[in-house]
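1. I'd like to go over a predicted model; first the sequence, then the structure.
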Amino acid sequence: MVHYRQGDVLLVKIEKLPAGLKRKNDKVLAYGETTGHHHRLTGKGTILYSNEQDQQFAEVPEADLLVHDEHGPHQIPAGVYEVRIQRELDLAGEIRRVMD
């Protein structure tokens, strides 16, 4: 499995995009609710998609940078990726997204 991690964001390379996706209007993979810093891709040709379950996917036609103000940038090779956001179990026993 080919994957790239930056903080609480994991990009997993997949063969092709699943059916039924909706194109997103931005390139933000995860919003920083605590710090206001976002994990985002910067390439002009990169397109992000989501499905009805709020899963995200990235189509990266040429190498791109994954950036965040508190993490070093990561070079992401061309390809198609599933975006996974780390989750944690809180003190009340609820599963929630990890927040930067």
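-> Structure received.
2. residues contacting His38?
-> Taking Cβ atoms under 8 Å, 6 or more residues apart in numbering, we find His38 in contact with Val28, Leu29, Ala30, Tyr31, Gly32, His68. C-beta: built from backbone N, CA, C; applies to glycine.
3. for it, grab phi and psi.
-> phi -110, psi 150 (degrees, to the nearest 10).
4. beta partners of the nearest residue to it once chain neighbours are set aside?
-> Spatially, and ignoring its direct neighbours in sequence, His38 is nearest to Val28 (4.7 Å; Cβ to Cβ, 6 or more residues apart in numbering). Taking DSSP bridges as the rule, Val28 bridges to Arg40.
5. closest to Ile76 among the contacts of His38?
-> Leu29 (10.6 Å; Cβ to Cβ).
6. how far away is the closest one from His71?
-> As judged by Cβ to Cβ, to the nearest Å, Leu29 and His71 stand 12 Å apart.
7. His37 touches Ala30, doesn't it?
-> No: the criterion here is Cβ atoms under 8 Å, and His37 misses it with Ala30 at 9.6 Å.
8. great, nothing more from me.
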